[in-house]
Structure formats: C-alpha cells, structure tokens
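Novice: Fold the stuff below for me.
(one chain, ligands or ions: 1)
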Amino acid sequence: MRDYKLVVLGAGGVGKSSITVQFVQGVYFESYDPTIEDSYRKQIEVDGKTVELEILDTAGVAQFTAMRELYIKSGRGFLLVYSVTDENSLKELLTLREQVLRIKDSTNVPMVLIGNKCDLSNERVLSPEDGINVSQQWGKVPFYETSARVKTNVEEAFTDVIRQIMIREAMTSPTNDNHSIPALPPLKNNGNSGTNQASRANPPARPQNKKSMGNLKQKKKNKCVIL
Ligand SMILES: Nc1nc2c(ncn2[C@@H]2O[C@H](COP(=O)(O)OP(=O)(O)OP(=O)(O)O)[C@@H](O)[C@H]2O)c(=O)[nH]1
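Specialist: Sure thing, here's the model as predicted:
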C-alpha cells in the first residue's frame, strides 16, 4: 500500500483544521481552537488504488509556525489554503508556496490552491477570479473553492493532490511503461459555478490575466469554484 504524507498550510483561522477534519472524519466544528500541530491518518481508494494518508494540519498563527520547515521537508503533497473572507490570507500563500518550492528544491510539487469558506457569501472579499489568477501565476496549480462547513469540494481537493502524487510516482517508476500512469477522471461540473476547468496534468489554455495580488479587488460573489 502506498503511504503519502500531505501537509495543509495557510494563515491562521482560514479553516485548515476544519477542511482536514471534514475530510477525515466527516464532521465540522464551529468553534475555533488554534492548531499547534495535528496529524491524521486515513485510508482512501483513488482510481482503484488504496493509499494510506498521513495528513499534517499545521499551525497558521505565527507563534506556532517554527516547525513548518520540517513539515514541508517531509510532505509529498501540499494543500495551500486561504479564506475567501480574508485578502491577506491569500497574500500569505505567495510566501508559503515559495518556501515549499525552495525546501523541496523543485518547481513541480504536488499541490492544490484552496479558497475556503465559500459558503460565507456576505463576508466574501475575494472572488473566484482572484484564486484563478493566483493559480495561473503558479503555473496552473489546481484551484478549488471549498466550504468545510457545507462540505463543498473538500474531497475533490484532497483527491486531486493524491492523484498528482500518483502520477508523479508512476512517471518516475523504473518500470514505467506509460500503462501505469493513472488516468485523470472526466471533468464534472459541481453545479456551483460555470468556471469549472481542469488544470491538472494537461491544463487547457486560459487567457493571461496580469492582475497582481496587490490589486485584488473587493468583490462579492457567492459561488464556489473548482478549477
Ligand atoms: N463558515 C465557515 N466557517 C469555517 C469554514 N472553515 C472553517 N470555518 C471556521 O473558521 C474558524 C477557524 O477554523 P480552523 O479550521 O480552526 O482554522 P485553521 O486554519 O485550522 O486555524 P489555525 O489552527 O489557527 O491555523 C472556525 O471557527 C471554523 O468553524 C467554512 O468553510 N465555512
């Protein structure tokens, strides 16, 4: 059985623990208890293969982030989480991603970008396009808007990063004959948005948008997207 370590990164309070607990245990808590470090295990079948996951839910608040470098070193796949209600939380991910690429010494690391709390339409300050733009800047890293609260796209985001690891593993396997590379599933529309494109192994071309993180517009939209 394959053993994959996933690391959930992001600013404090964006919902890293909530997404993780929703994925692993299928529950959601309204209360906020800042994480120091939590680790979860879950067995899951993806594309007919069973994998054992170790998911590291990391600290977001500054005083608990000393161990971050070690977590990143040991991780195989990364979930970079911001909140659609917090503009700074997306900006923080720019530095975090740089840190991941530097520590892994690669520009091609299994990763998804997650805009959480998409159920909070009245508090939303970041639009789906803001997430899409960052995903484009990052070389079309798959982007999902999620809600840990109502369980939107949580499983999809985790499965995506697992699949990315599986694809890399198959491609670097010495016995790789191209038959062992898992096929990506057909695209499905989650019914929440018209913006539903895959940007996984063979991303479709998208128009370039030069908007920088500095001018993220305060937009209010109430849709959750999966890109
Ligand atoms: N409405 C809504 N609230 C959420 C969602 N996800 C998390 N929350 C709430 O946001 C607060 C923070 O969630 P956590 O999961 O603890 O955030 P975190 O990123 O793990 O925080 P740190 O451990 O400090 O890094 C909690 O009160 C959650 O209930 C969501 O999808 N929708």
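Novice: wait, is Val51 part of a helix?
Specialist: No: counting by DSSP: H, G, I helix; E, B strand; the rest coil, Val51 falls outside a helix, being strand.
Novice: That one contacts Arg163, correct?
Specialist: No: Val51 sits out of contact with Arg163 when judged by C-beta atoms under 8 Å, with a separation of 10.1 Å. For every residue, glycine as well, the C-beta is placed using N, CA and C.
Novice: Please say which of these two ends up with more neighbours.
Specialist: Arg163 (22 against 17; other C-beta atoms under 10 Å).
Novice: Can you report phi and psi for that one?
Specialist: Dihedral pair for Arg163: phi -60, psi -40, per degrees, to the nearest 10.
Novice: Tell me the pLDDT of Glu145.
Specialist: For Glu145, the model assigns a pLDDT of 98.
Novice: Now the residue in the chain that the ligand sits nearest to: closest residue in space, sequence neighbours ignored.
Specialist: Closest to the ligand within the chain is Gly60: 2.5 Å, counting by C-beta to the nearest ligand atom. Using C-beta to C-beta, 6 or more residues apart in numbering and skipping residues adjacent in sequence, the residue nearest Gly60 is Gly12, 3.5 Å away.
Novice: Provide a list of residues in contact with Ser39.
Specialist: By C-beta atoms under 8 Å, 6 or more residues apart in numbering, Ser39 lies in contact with Glu54, Ile55, Leu56, Asp57.
Novice: which ones are touching the last one?
Specialist: For Asp57, the set of contacting residues under the criterion of C-beta under 8 Å, 6+ apart consists of Val8, Lys16, Ser17, Thr20, Thr35, Glu37, Asp38, Ser39, Tyr40.
Novice: Closest to Arg97 out of the residues you listed?
Specialist: The nearest member of those to Arg97, counting by C-beta to C-beta, is Val8 at 13.6 Å.
Novice: beta partners of that closest one?
Specialist: Counting by DSSP bridges, Val8 is bridged to Asp57, Leu79.
Novice: ok, how many other residues are close to it?
Specialist: Val8 has 29 nearby residues by other C-beta under 10 Å.
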